[in-house]
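Peer 1: would you be able to build a 3D model of this:
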Amino acid sequence: MNCLDSQTSITRRAALGAFGAAAAGYAFLGGTRRNDMPAGRIVLDYWEKWTGHEAAAMQTVVDAFNASQDRWWVNYLSVSGLDRKAKIAIAAEDPPDLLGLWHRNIP
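Peer 2: Here you go, the predicted structure:
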């Protein structure tokens, strides 16, 4: 296998990983949140590292934000392994609008 084949394989993996992350996100959101979204809002997809009770608390914050104004709508998604999945989504040129990263993940 030459270097080009290796790079092509990585690109395929990145694309498949991004597709899988997007599909998991859609399954998690289940369409219900989008159906609840009032018309005319600007939609922001927000991936966050928190899980468990921290994810539930952040969902409460996002729900309160969505209810507090009529311009933006945030779709919140709790993502494990966010640092890796964010890199894959960025490489596939389809990242979320907002990422909740640890400070050590930012150069």
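
Peer 1: what's the neighbour count on residue 48?
Peer 2: 20 (other Cβ atoms under 10 Å). From N, CA and C alone the C-beta is placed, and that goes for glycine too.

Peer 1: next one: the one 3 residues further on
Peer 2: Burial of residue 51 is recorded as 13 neighbouring residues (other Cβ under 10 Å).

Peer 1: now do the one 5 residues further on
Peer 2: Counted with other Cβ under 10 Å, the neighbours of residue 56 add up to 11.

Peer 1: wasn't it part of a strand?
Peer 2: No: applying DSSP: H, G, I helix; E, B strand; the rest coil, one finds residue 56 to be helix, outside a strand.

Peer 1: from residue 105, how far off is it?
Peer 2: Look at residue 56 and residue 105: by Cβ to Cβ, to the nearest Å, they are 23 Å apart.

Peer 1: before we move on, what about residue 72?
Peer 2: Distance from residue 72 to residue 105, by Cβ to Cβ: 24 Å.

Peer 1: what does residue 71 give?
Peer 2: As judged by Cβ to Cβ, residue 71 and residue 105 stand 29 Å apart.

Peer 1: out of the two, which sits in the more crowded spot?
Peer 2: In this view residue 71 and residue 105 are compared by other Cβ under 10 Å, and residue 105 has more residues nearby, 14 against 7.
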